[in-house]
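Chemist: how would this look folded up:
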Amino acid sequence: MKTSIITSLTYQNHITGSSHPERIDRVKVINEKLKKLDNKIEWFQPRPFDQAIIENVHNKKYLDNISLSFPKKGIKFLDGDTIISPGSKQAALDAIGSIIIGIDQVNSGKFKNTFCSVRPPGHHAESNKAMGFCIYNNVAVGAAYLLNHYKYNKVAIVDYDVHHGNGTQEIFYNNPNVLYISTHQYPFYPGTGSSNEKGSSDNILNIPLDSGTKSDVYLNSFEHVLKKLKNFKPEFILLSSGFDAHAEDPLAQVNLKSKDFYEITKRILNIANDICDGKVVSILEGGYNLNALAESAYEHVKALIEN
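Modeler: Numbering: from 1, shown residues only. Model prediction:
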């Protein structure tokens, strides 16, 4: 079986401005790099889905307000750094649609795993708030889809973006069926992610990293991720794949290398093979140095292919 790549050209219509870190070129450079793997991957676009599933993670008042917020022209700030434009609505819906089709493909056994190359990212979006470049929480909608549509009992989300996924944590803090694990620089934006934040059922594992953390320290810390996954025994694993822990990323100070994301992915896949038949779907979060982002995503997908 091959690895599927889900993407959509609508990401180009989510206009944030050329000087904004979360810009169009992020997905463009990833997709160009992944074309080198074309004989080992298959490309797909998201399809329309029942938007009611978004209400499993975002409350209706928030969704109604967001729907009315998309401008007819120009750009609009939802907060100090989250920008939307007329094309943002469809791009954000397609980001969700990508993880939905990826889950469908992997669950059916047609593909061994999936990477969703999409924007805007999602893990900062809380149940009732957009923030941190994020409008809808894509990975959270995916986890809820697994629980509600496919009736899985245990889903794990591993988030290795350098910024803590406060939104994903908030949404599942009291849900014992979802394990959320995050490695992130701390203290740092968005201010959450202390190791004391453990969830109502010990279903949250935060692994704070000091500024300047290098590969060896990070990979040693990652053993805590693997141990937690083994103990939880999820039936499906979702990855919030942020690549901004790279040493060259301008928005953080963790010093990973591109090849470290290959190693991180391989370690997760080895666990996934043992406990959930390798069922893994990955979706893009952060990463803001274009060269480092493209190289890191390439290493990540290369590991997915080799599994």
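Chemist: When you work out contacts or count neighbours from here on, use the C-alpha atoms and nothing else.
Modeler: Noted.
Chemist: How many neighbouring residues does residue 250 have?
Modeler: 13 (other CA atoms under 10 Å).
Chemist: let me redo that: residue 143
Modeler: The number of residues packed around residue 143, counting by other CA under 10 Å, is 29.
Chemist: With residue 287 as the reference, measure out to the closest residue to it other than its chain neighbours.
Modeler: Taking CA to CA, 6 or more residues apart in numbering, and ignoring the residues beside it in sequence, residue 143 has residue 155 as its nearest neighbour in space, at 6.5 Å. Distance, residue 155 to residue 287, using CA to CA, to the nearest Å: 25 Å.
Chemist: Also residue 27?
Modeler: Counting by CA to CA, the gap from residue 27 to residue 287 is 10 Å.
Chemist: The two: which is more packed in?
Modeler: Taking other CA under 10 Å, residue 27 and residue 287 do not tie; residue 287 has more neighbours (28 against 24).
Chemist: Could you report the pLDDT at that one?
Modeler: Per-residue confidence at residue 287 stands at 98 (pLDDT).
Chemist: State the distance from it to residue 171.
Modeler: Distance from residue 287 to residue 171, by CA to CA: 23 Å.
Chemist: right, and residue 184 touches residue 212 too?
Modeler: No: contact criterion CA atoms under 8 Å: residue 184 and residue 212 do not qualify, at 11.7 Å.
Chemist: any idea how far residue 226 is from the spatially closest residue to residue 207 that is not a sequence neighbour?
Modeler: Once flanking residues are discounted, residue 207 sits nearest to residue 183: 4.7 Å by CA to CA, 6+ apart. Applying CA to CA, the value for residue 183 to residue 226 is 12 Å.
Chemist: Please apply the same query to residue 279.
Modeler: If you measure residue 279 against residue 226 using CA to CA, the figure is 15 Å.
Chemist: ok, now residue 181?
Modeler: Look at residue 181 and residue 226: by CA to CA, they are 10 Å apart.
Chemist: got it, and residue 43?
Modeler: 30 Å.
Chemist: Quick one: the strands in the chain, in order.
Modeler: Ranges of strands in the chain, per DSSP state E, are 3-6, 41-44, 76-77, 83-84, 113-116, 155-159, 178-185, 204-209, 236-241, 280-284.
Chemist: Including mean pLDDT and mean neighbour count, could the ones you listed go into CSV?
Modeler: As requested, these are exported to CSV (pLDDT from 0 to 100; neighbours: other CA atoms under 10 Å):
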stretch, mean pLDDT, mean neighbour count
strand 3-6, 98, 25
strand 41-44, 98, 17
strand 76-77, 97, 16
strand 83-84, 98, 25
strand 113-116, 98, 28
strand 155-159, 99, 25
strand 178-185, 99, 27
strand 204-209, 98, 23
strand 236-241, 99, 25
strand 280-284, 99, 28
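Chemist: okay, and for the stretch 1-150 of the chain, where does confidence drop off?
Modeler: Within the stretch 1-150 of the chain, no range satisfies pLDDT under 70.
Chemist: Quick one: the helices in it, in order.
Modeler: 25-34, 60-69, 88-108, 138-148 (DSSP state H, counting those that start in this stretch).
Chemist: could you give the angle of the last one to strand 236-241?
Modeler: Read that as helix 138-148. 170 degrees (axes from the mean of the first three to the mean of the last three CA atoms, to 10 degrees).
Chemist: can you pull the buried residues of helix 138-148?
Modeler: Buried residues in helix 138-148, counted by 16 or more other CA atoms under 10 Å: 138-147.
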